[in-house]
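Novice: Here is a sequence together with a model predicted from it:
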Amino acid sequence: MINKKSITICMMIGFLFSPITMADDNRGLEIAKHRKAKDKGWGDSVSSMEMVLKNSQGEQSTRVLRMSALEVDNDGDKGITIFDQPLDVKGTALLSHSHAIEPDDQWLYLPALKRVKRISSRNKSGPFMGSEFAYEDLNSFEIEKFTFKYIKDELIDGESTFVVEQIPLDKNSGYTRQIAWIEKKRYIPLKVEFYDRKDSLLKTLTFSGYKQYDGKFWRALSMNMVNHQTAKSTLLKTNKLAFNIGLTDSDFNQNILKRVR
Amino acid sequence: MKPWIVGLGIGMVCFNSLAFEFNGQVNLEHRIFFEDGQQGQEKGQSSIVLQPEFYWGFHGGNTSVTFVPFGRLDSMDDQRSHFDIRELLLLSVMEDYEIRAGIGKVFWGVTESIHLVDVINQTDAVESLDGEDKLGQPMLHITSVKNWGVLDAFLLPYFRERTFAGKDGRLRPDPSVSTSAEYESSKEEKHVDVSLRYSKMLGDWDLGLSYFVGTNRDPYLQSQDNALIPFYAQMDQFGLDVQGIVGDWLWKLESIYRNSLDEQVSVVSGFEYTYVGLLDTQWDLGIISEYLYDSRGENLQSPYQNDLFAGVRVTLNDAEGTEVLLGVTQDLDDTDVYSGKLEASSRINNQLKWRIDAWIFDNSTPDDFIELSIDYYF
């Protein structure tokens, strides 16, 4: 009796709420699509960056790296990251062909051995260079990687934002969900919260120092990731950034790894 | 165009500017052997290694010269104290072609325990036991990068003899290997070798096919008047290397057919499986296993005729980049024949790193050791 009753109640609640949920799903997806569309057409870019890692005692270590990226229509972007510091990994380069749904292809170049190693992209939930950024946090934003749900509007730092829940579809993701605060005016993220596999708050990423490129594309030159469970943090600063360098597909093949500087 | 973009050096930008870079490393290494040597050698062996790198880039990196001299000074073994030019290479990139001329290093292959298809450079065997340190090889190397794949062609005008531990050194056969080598070719080290390699990425798979004709890099050690004389024969070699991702598994295969003083087919094949986030930590645990086969059976030339390599790699994913690798190679025909290695390393700061390498062997040699190193990068 109790079972039947509770099922009936559940069905009723489900019936009551499902149209609203669908509307919120649609709205979440619409916001994400709009965000992606506003950023479409950036082409290619090169940047030089610095990562400042801070542990719970406040001790710092720094990484210096350069990235080049290529926008790929209807798929994930391509990118090469070259490490300059720490000096023991100087010249190490990571090539990644990211995909919207399929697992990414990744290769690592080890300069001492002159060896190109294919690496399993399954470790996307693992830390990037010992930092608080996971590999997946640095990937390009692709609609196909998530389901979206609009939650509410909220004012943060005087800016009105959409609060959108993003649930990763990849079973290898380190997150059950992410909550993103998307600024309404420019459709750019101001803050993202990451929830771990046990669904407790793991990290908060805040974007600042937004700058516009080509009169169109907004990029946050400062991204600070704070891990609430370990009290460690990583600040990713973009020191230089330029678009439309003229990079093509051939600048992102495996062979290029053997001569990147 | 902003000048720093040229400094990013990912090709493309044609600029008549000169970029110069200087960096390198100094290592202090100390080996502690657990027992005295078979010929009464001491337990301690210290070394200092210097390897600077000079780089000049022109035209936004499309033309460059790299110069990497190398030197080791060893406290025990005159033969281990040696100097080499690891690289003195002119690189020129023209659209789909890359031309490299000078002294260089090339790596082919996919497996971890042994490198069968990797045949361009001679092994600098006094450096380490994993065979991954190589002597600089004089070469003309042309690479063509096309939609149908990458083709590498090599002309190798000068041969380098393998280095071996000297009379005073450890980790050597008894008697020690002579420094006066013999050759099959009358041109000796001036024999011009030729090699081709084709490689292609096919979705989740990487494929390589290679051919080499010229002086066999692996010497046949021949007993003569209480000495071991390295004999360098001519050879033809066909090589195949394949690796692919299937789910969470990375599968690897290397195989060669070599026709030299003797005929051989060798295979090494296995997998690497990485378990991410071990026990709710940031640690990764990699499991590596490879099977090694050589058609010639057990002899001095082929210790891995029917062997199994098993290893675990723990990556801490910490700010120091700490890594530990533990591996064992076991002869499946003879349980008494095995070797084990441990490699561990971690960063101290932006410029310093420590390393520990240790090897244990079966009872045939008393050369089990642990090596402690401090590497300074500048």
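Specialist: Cool, got the structure.

Novice: what stretches of the stretch 101-250 of chain B score poorly on pLDDT?
Specialist: Applying pLDDT under 70 to the stretch 101-250 of chain B flags no residue at all.

Novice: cutoff 90 now
Specialist: Within the stretch 101-250 of chain B, the segments meeting pLDDT under 90 span B:130, B:173-174, B:202-204, B:224-227, B:246-248.

Novice: what ranges do the strands span in it?
Specialist: With strands called from DSSP state E, counting those that start in this stretch, the stretch 101-250 of chain B shows them at B:137-146, B:149-156, B:182-183, B:193-202, B:205-215, B:220-224, B:227-232, B:234-246, B:249-259.

Novice: which SS class is residue A:35?
Specialist: Under DSSP: H, G, I helix; E, B strand; the rest coil, the three-state class of residue A:35 is helix.

Novice: now swap in residue A:88 and tell me
Specialist: helix.

Novice: Can you name the residues that contact the nearest residue to residue A:39 once chain neighbours are set aside?
Specialist: Spatial nearest neighbour of residue A:39, excluding adjacent residues (Cβ to Cβ, 6 or more residues apart in numbering or on different chains): residue A:217 at 6.0 Å. (C-beta placed from N, C-alpha, C; glycine too.) Residues in contact with residue A:217 (Cβ atoms under 8 Å, 6 or more residues apart in numbering or on different chains) are A:39, A:42, A:243.

Novice: Return the distance of the first one relative to residue A:143.
Specialist: Residue A:39 sits 11 Å away from residue A:143, going by Cβ to Cβ, to the nearest Å.

Novice: what's the answer for the last one, then?
Specialist: Distance from residue A:243 to residue A:143, counting by Cβ to Cβ: 22 Å.

Novice: The residue nearest to the spatial centre of chain B - nearest residue in space that isn't next to it in sequence?
Specialist: Centroid-nearest residue in chain B: residue B:132, 2.0 Å away (criterion: Cα atoms, centre = their mean). Excluding the flanking residues, the one nearest residue B:132 by Cβ to Cβ, 6+ apart is residue A:113, at 6.0 Å.

Novice: I'd assumed residue B:130 was in contact with that neighbour.
Specialist: No - at 10.3 Å, residue A:113 and residue B:130 do not qualify as touching, with contact defined as Cβ atoms under 8 Å.

Novice: Find the nearest non-adjacent residue to residue B:308, please.
Specialist: Residue B:308 sits nearest to residue B:330 (Cβ to Cβ, 6+ apart), 5.3 Å away.

Novice: who wins for proximity to residue A:153 among the strands of the stretch 101-250 of chain B?
Specialist: Ranking these by proximity to residue A:153 (Cβ to Cβ) places strand B:234-246 first, at 42.8 Å.

Novice: Give me the buried positions along the closest one.
Specialist: Within strand B:234-246, the residues that qualify as buried by neighbour count (16 or more other Cβ atoms under 10 Å in any protein chain shown) are B:234-235, B:237, B:239-245.

Novice: wait, what's in contact with the residue lying closest to residue B:318 once chain neighbours are set aside?
Specialist: Nearest residue to residue B:318, sequence neighbours excluded (Cβ to Cβ, 6+ apart): residue A:130, at 5.2 Å. When contacts are counted by Cβ under 8 Å, 6+ apart, residue A:130 touches A:53, B:317-321.

Novice: Please apply the same query to residue B:295.
Specialist: B:263-266.

Novice: Could you check how far it is from chain A?
Specialist: Distance of residue B:295 to chain A, computed by Cβ to the nearest Cβ, to the nearest Å: 27 Å.

Novice: what pairs with the residue nearest to residue A:39 across the strands?
Specialist: Each beta-bridge partner of residue A:217 is listed here, defined by DSSP bridges: residue A:213.

Novice: Check it and give its pLDDT.
Specialist: With respect to pLDDT, residue A:217 scores 93.

Novice: ok, residue B:375 touching residue B:48?
Specialist: No - between residue B:375 and residue B:48 there is no contact under Cβ under 8 Å: 11.4 Å.

Novice: So which of the two has more stuff around it?
Specialist: Between residue B:375 and residue B:48, counted using other Cβ atoms under 10 Å in any protein chain shown, the more crowded position is residue B:375 (21 against 14).

Novice: In a strand, that one, correct?
Specialist: Yes - secondary structure of residue B:375 (three-state DSSP): part of a strand.

Novice: Now for it: which residues touch it?
Specialist: When contacts are counted by Cβ under 8 Å, 6+ apart, residue B:375 touches A:88, B:25-27, B:352-355.

Novice: And those, which is closest to residue B:91?
Specialist: Of all the contacts of residue B:375, residue B:25 has the smallest distance to residue B:91: 21.7 Å, by Cβ to Cβ.

Novice: quick one: contacts for the closest one?
Specialist: Residue B:25 makes contact with B:49-51, B:375-378, according to Cβ under 8 Å, 6+ apart.

Novice: do residue A:44 as well
Specialist: Residues counted as contacts of residue A:44 (Cβ under 8 Å, 6+ apart) are A:68-71, A:243-248.

Novice: Chain B next: which of these are close?
Specialist: A:68, A:245-247 (Cβ under 8 Å from any Cβ of the partner chain).

Novice: Quickly name whichever of the buried residues of strand B:234-246 is closest to residue A:136.
Specialist: residue B:245 (17.1 Å).

Novice: beta partners of that closest one?
Specialist: residue B:250.

Novice: give the contact list for it.
Specialist: A:103, A:118, A:120-121, B:204-205, B:251.

Novice: Can you list which of these are found in helices?
Specialist: Applying DSSP state H to these, no entry is found in helices.

Novice: Now tabulate the residues you listed in JSON lines and tack on distance to residue B:191.
Specialist: What follows is those, written out as JSON lines (distance: Cβ to Cβ, whole Å):
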{"residue": "A:103", "distance to residue B:191": "46"}
{"residue": "A:118", "distance to residue B:191": "35"}
{"residue": "A:120", "distance to residue B:191": "42"}
{"residue": "A:121", "distance to residue B:191": "44"}
{"residue": "B:204", "distance to residue B:191": "40"}
{"residue": "B:205", "distance to residue B:191": "35"}
{"residue": "B:251", "distance to residue B:191": "37"}
